[in-house]
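Trainee: quick one: sequence plus predicted model below, questions after.
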Amino acid sequence: MIDPTIKPVRDMAVADWSHRADVVVAGFGIAGVTAAIEAARAGARVLVLELLGGGGGAAAMSGGFIYLGGGTPLQKSLGFEDSVDHMKAFMKAALGPGVDVAKIEEYCEGSVNHYNWLVDAGVEFEESFWGEPGWEPPHGEGLMYSGGENAAPFNATIPPAPRGHLPKKSESAEGQQLPGGHMLMQPLIETARSLGVDVLYDCRAKSLIVNDDGLVTGVMVRRYGSDFAVRAERGVVLATGSFAYDNDMLTDSAPHILGRPAASIESHDGRSIRMAQALGAATAHMDATEIAIFSDPQLMARGILVNGRGQRFVAEDTYPGRIGQEVLLRQGGDAFLVIDEASYEEASATVSTSSIMRSAPKWVCESVAELESEMGIPAGGLTSTVEVYNRHAVSESDPFLGKKPEWVRTLGTPIAAYDLRGMTGGFTLGGLKTTVDSEVLHVSGEPIPGLFAAGRCTSGVCAGGYASGASLGDGSFFGRRAGKSAAASTRTTPASDQVPS
Ligand SMILES: Cc1cc2nc3c(=O)[nH]c(=O)nc-3n(C[C@H](O)[C@H](O)[C@H](O)COP(=O)(O)OP(=O)(O)OC[C@H]3O[C@@H](n4cnc5c(N)ncnc54)[C@H](O)[C@@H]3O)c2cc1C
C-alpha cells in the first residue's frame, strides 16, 4: 500500500506547533505509561498521544502476567528459590534463537528491582501459587510457571522457578471480574496522572518530525480528520504496540499469523515501526511471534498431541504457548489431541480458566484403530504411537519427549480426539532494534538522536520463543528505560552526520 504520510516531516516546514512537551510518548499502554512515569519523575514535561478514547491498550485487557524472577519477594514468600543466573539461562534457552543477550542480562539483573518498582506504584500481587497446567491460574493466584520452566526440555538442565507474576484480581462496582491487566494498568495510569502527565486521546501518531541534523524533534498527529504538529524538546518515545493487525507487514514478515491475530488489539498496526523505518531505523526478528493454541492445558497434559501423521512432537505438560509455536511453526498447524475417557473425566473435574476451550471432542471411538481411521491418519500412524506411549506409560515415563511422570497416563478406551487444526493465533514479537537504554538504532548501528521506543513495536527479550508475561515484562522494563533516556536526552547530532570543519 502506498502511504506517503509515513515519511518524516522536516521541522523547518512546520509553521505552527500545536503542543509542546519535553518528552512526547506515542501510545498509552504498558510501555507508554511506564515511559511517561519515569520521564515525569526525571523532571520532564510529558505529553502522551493515544489513538483510542482511553488509556490502557492491549495491556489493560490482558491477563496481566508479568515475567519476573531472580528472587522476587513473592517468589521468596511462597518458598521458591530463584537466581538471576537461572533466570538468564532459561530466558536465553527458551526465548531464542538469536536473543538479544544484553537485553536479557539487564532484564534479569533488574528484575527484583522492577518488581519493587511496580509494587511501589500500587500494583498488588496475591501471595499464592498455582502449580497445574493452565493459561492462567483459576482463582487469581499470584504466581505460576508461565514459560515451561518446569517441563522438558528445560527442566533437565536449568533449575526451574515460577516467574509468571499476576496482579491481584478484583471486581468492578457492577460485579464484573477485572482482568489482571486492568489491575496492572490502573495504578500505573493513576501514578502517571499524579505526576502531571498530560494525555491527548483520539490522536494517531502519523509520522516523525526531524530537523536538518537528523534529530527527532516531534510527531505529526491526526485527530478528528485534522493534522497538527507536536514538539518534543528532548525526545519522542514510540510505544504503539505490535503489527499483528497490519496484513501487509504480516505478509512480508510473519505470514503464518496472517488473519489470525490474538492477544493484541486492532490499533496494533505497526505504525511506529514504519514511521521509524522511514528515518532509517533497523528492525530485528520481524518473523517472531507469540502463538496461542486454543485448547485446555488440563486436557492436553493428560492426553497426547499428535500431528497429521499420528506422531507426537512436544511434551504435552509444557507451557501451552510453546505448544502453539510447535504446532503452527513446525507441524504446519496440523494437531490433534487424543485422550481417553478416564483422563477426559479427570480433566473435566478440575477448575479451569479455559472453560470455553472445554468443548466436546470431535471423534469418540471404541478403539485406537477406529479413531485413527476416523481422523484420516494413515493406518498404523496413531496405533503405533499409542502402543509405544503406553509401553512406557505403565512405568510413568516418557523417554521420547520427557513429559513429567505426574501427567503420564496409559491411554485406554473409549478414546477420543480433538481437531486442533486452525486453533492457533498470536501476535508479533519483532520490531525496532533498540539499545538496552531504549534508543532506536539506525541501520548504521548508531542511535537515532531523540528517538526512543519500547513494547511490542520493538524487538525485546523474545527473539522466537515466548513465555507468558514477557510482553508486559519487557514493555514495562524497557518502557521505563525509554522514559529515562528521553528525559535525559542531550540531542546530539550523530558523528556520521556532522559536517567536517
Ligand atoms: C487478551 C490478552 C491477554 C494478554 N495476556 C498477556 C499476559 O498475561 N502477559 C503479557 O505479557 N502479555 C499479554 N498480552 C499481550 C500484551 O498485552 C501486549 O503485548 C502488550 O500490552 C504490549 O505492550 P505495548 O505497550 O507495546 O502495547 P499496548 O499495551 O497495546 O499499548 C499500545 C498503545 O498504543 C496505542 N496506539 C496504537 N497506534 C497508535 C498511534 N499511531 N498513535 C497513538 N497511539 C497508538 C494503542 O491504542 C495502545 O493503547 C495479552 C494481550 C491480550 C489482548
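Mentor: Here it is on my side, so go on.

Trainee: near the closest residue to the ligand within the chain, how many other residues are there?
Mentor: Here the chain gets closest to the ligand at one residue, residue 29, 1.8 Å apart by C-beta to the nearest ligand atom. C-betas here are computed from N, CA, C, even on glycine. When neighbours are counted by other C-beta atoms under 10 Å, residue 29 registers 33.

Trainee: and for residue 177?
Mentor: Count around residue 177 with other C-beta under 10 Å applied: 10.

Trainee: which ones are touching it?
Mentor: 169, 171 (C-beta atoms under 8 Å, 6 or more residues apart in numbering).

Trainee: that older thread, what sits closest to the residue of the chain closest to the ligand if chain neighbours are left out?
Mentor: residue 57 (2.5 Å; C-beta to C-beta, 6 or more residues apart in numbering).

Trainee: ok, that neighbour to residue 280 distance?
Mentor: 27 Å (C-beta to C-beta, to the nearest Å).

Trainee: and these two? which has more neighbours close in?
Mentor: A direct count of neighbours by other C-beta under 10 Å for residue 57 and residue 280 places residue 57 higher, at 30 against 15.

Trainee: is it true that that one touches residue 263?
Mentor: No: using C-beta atoms under 8 Å, residue 57 is not in contact with residue 263; the gap is 12.0 Å.

Trainee: surely residue 482 is in contact with residue 239?
Mentor: Yes: using C-beta under 8 Å, residue 482 is in contact with residue 239, at 7.2 Å.

Trainee: which neighbours do these two share?
Mentor: In contact with both residue 482 and residue 239: 31, 35, 453-454, using C-beta under 8 Å, 6+ apart.

Trainee: next, give me the two most distant ones among those.
Mentor: 35 and 453 (9.2 Å; C-beta to C-beta).

Trainee: quick one: common contacting residues for the two?
Mentor: 237, 239, 438, 482.

Trainee: inside helices: which ones of those residues?
Mentor: residue 482 (DSSP state H).

Trainee: now residue 447. Nearest residue, chain neighbours left out?
Mentor: residue 439 (3.7 Å).

Trainee: which ones are touching that neighbour?
Mentor: 447-448, 451-452, 485.

Trainee: show me those that map onto helices.
Mentor: Those of these lying in helices (DSSP H): residue 485.

Trainee: rebuild the contacts of residue 439 as TSV, extending it with neighbour count.
Mentor: Shown next, in TSV, are those (neighbours: other C-beta atoms under 10 Å):
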residue	neighbour count
447	21
448	26
451	30
452	35
485	27
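
Trainee: give me the neighbour count for the residue nearest to residue 153 when sequence neighbours are not counted.
Mentor: Leaving aside its sequence neighbours, residue 153 sits nearest to residue 402 (C-beta to C-beta, 6+ apart; 6.4 Å). Residues lying near residue 402 (other C-beta under 10 Å) number 17.

Trainee: mind checking the SS state of residue 402?
Mentor: Put simply, residue 402 is coil when judged by DSSP: H, G, I helix; E, B strand; the rest coil.

Trainee: and it, what does it touch?
Mentor: Residue 402 touches 151-153, 155-156, 315, counting by C-beta under 8 Å, 6+ apart.

Trainee: if I pick residue 372, what's in contact with it?
Mentor: 310, 379-383.

Trainee: most neighbours among these, please name it.
Mentor: residue 382 (25 neighbours).

Trainee: my read: it touches residue 371, true?
Mentor: Yes: applying C-beta under 8 Å as the test, residue 382 and residue 371 come out as touching, 6.6 Å apart.

Trainee: now do the shared contacts for those two.
Mentor: In contact with both residue 382 and residue 371: residue 338, using C-beta under 8 Å, 6+ apart.
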